[in-house]
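> what follows is a predicted structure for the sequence shown.
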Amino acid sequence: MSLRIRDLHVSYGERRVLLGVDLDVPDGELTAVLGPNGSGKSTLAKVVARIARPSSGAVTVDGRDLHRLPRREHASLVAYVPQVSATPFDLTVRDMVMLGRTPHIGMRPRAQDHQIVERELERLRLRDLAARPMAELSGGQAQRVLVARALAQEPRVLILDEPTSALDLRYQVETLEVVRQVAADKSVAVLVVIHDLNHAAWFCGHSALLHEGRVLRAGRPAETFDAATLSQVYGLEIDVTHPAPGVVEVRPRSMSPSAARPAAADLEPVRASA
Ligand SMILES: Nc1ncnc2c1ncn2[C@@H]1O[C@H](COP(=O)(O)OP(=O)(O)OP(=O)(O)O)[C@@H](O)[C@H]1O
């Protein structure tokens, strides 16, 4: 177990946002951080990334307090993909991914650093965009560059804050699959803030459901997702089904097959009047 969070409290001024969070993030797989808007997910990610400071509690990697490490050492251990990011507009995609090597390189990149950058461009299907300026990219393309930069960092701990929010369905699946593969191959502990409960259940071995700054449920999604808790937390009737052993599917009741829906014949056609 590399990343451990213990009794973590975080406040922004008077506003207490995390109220005693305990979480173990195992190596080699993804841990989903779930919960409604404002429940504290990004704050938790930012504390591990050292962008926010805890009021109390501990965040350790291999027993070392992340907030007491020298900056460069922290950067070589932890990579972070923020929810929204202003990118230096004059950088190319390739330069941006090379920034991930910063904690590892001395005066200038070595051949090995260039190889790692090319590998991550390939892995995130960015080779065709490599020479393009970041400013010209679509939101989804830029998001994949940030994931590539984080992977080029070769971290022990990877923090991803909604890394697929701008991606189309294919890239959502591909990107989460790439991250899952890297986590397994390199024994990386991955914490991923994600809103899609089905993707969380499919790609993440562990999950933590945050509610008002506390972890309400933690464990394997197939074991911990239950309809009553999810319905209460999200304020919406939610069905949870298990179509196969170890597989879980989450659906708002209004989208479930049993929900009453107006038949097409009942809908009045609307015509613009001349
Ligand atoms: N810099 C800040 N200053 C003051 N309050 C903040 C700051 N950042 C976040 N908050 C507040 O902290 C609470 C938790 O915010 P956070 O961004 O961690 O939630 P979240 O679960 O990631 O939400 P979302 O799903 O909308 O991204 C919210 O009430 C938010 O308004």
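Looks like it arrived, so ask away. Numbering: from 1, shown residues only.
> after the helix or strand bottoming out on mean pLDDT in the chain comes which helix or strand?
Lowest mean confidence among the helices and strands of the chain (mean pLDDT, DSSP states H and E): helix 221-224, at a mean of 86. For helix 221-224, the succeeding helix or strand toward the C-terminus, using DSSP states H and E, is helix 227-234.
> list of residues touching the least confident helix or strand of the chain?
Applying C-beta atoms under 8 Å, 6 or more residues apart in numbering, the external contacts of helix 221-224 come out as 32, 197, 200-201, 204, 206-207, 209, 217-218, 242, 246-248. Where you see a C-beta, it was placed from the backbone N, CA and C, and this is true even at glycine.
> quick one: contacts for the closest residue in space to residue 186 that isn't next to it in sequence?
In this structure, residue 186 finds its nearest non-sequential neighbour in residue 154, 7.2 Å apart by C-beta to C-beta, 6 or more residues apart in numbering. Contact analysis of residue 154 by C-beta under 8 Å, 6+ apart lists 104, 116, 186.
> could I have the ChimeraX command that selects the buried members from those residues?
Filtering the contacts of residue 154 down to the buried ones (16 or more other C-beta atoms under 10 Å) takes a single ChimeraX command:
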select :104,116
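> nearest to residue 253, of the contacts of residue 154?
Nearest to residue 253, judged by C-beta to C-beta, of the contacts of residue 154 is residue 186 at 40.2 Å.
> for that closest one, give me phi and psi.
Torsion angles at residue 186 (phi, psi; degrees, to the nearest 10) stand at phi -110, psi 10.
> could you say what helices and strands the helix or strand hosting residue 240 packs with?
Here residue 240, judged by DSSP H and E, is contained in strand 238-241. In terms of contacts (3 or more C-beta pairs under 8 Å, 6 or more residues apart in numbering; DSSP states H and E), strand 238-241 is packed against helix 227-234, strand 249-252.
> chain center to the last one: distance?
It refers to strand 249-252. Distance, stretch centre to chain centre, for strand 249-252: 20 Å (C-alpha atoms, centre = their mean, to the nearest Å).
> got a list of contacts for the strand holding residue 240?
The contact list for strand 238-241, computed with C-beta under 8 Å, 6+ apart, reads 225-227, 230-231, 248-253, 256.
> quick one: which of these is the most crowded by neighbours?
Sorting these by how many neighbours each has (other C-beta atoms under 10 Å) puts residue 225 first, at 24 neighbours.
> please name the residues that touch it.
By C-beta under 8 Å, 6+ apart, the contact list for residue 225 reads 197, 201, 207, 217, 240, 248, 250.
> for it, what are phi and psi?
Torsion angles, degrees, to the nearest 10, at residue 225: phi -70, psi 110.
> okay, buried residues for stretch 205-224 please.
Under the neighbour-count criterion of 16+ other C-beta under 10 Å, stretch 205-224 has 205-211, 213, 215-218, 221-222, 224 buried.
> give me the element residue 155 is part of.
Using DSSP H and E, no helix or strand contains residue 155.
> give me the three-state assignment for the residue nearest the centre of the chain.
In the chain, the centroid-proximal residue (C-alpha atoms, centre = their mean) is residue 192; its distance is 2.7 Å. Per DSSP: H, G, I helix; E, B strand; the rest coil, the local secondary structure of residue 192 is strand.
> quick one: contacts for residue 150?
Shown in contact with residue 150 (C-beta under 8 Å, 6+ apart): 79-81, 100, 158, 160.
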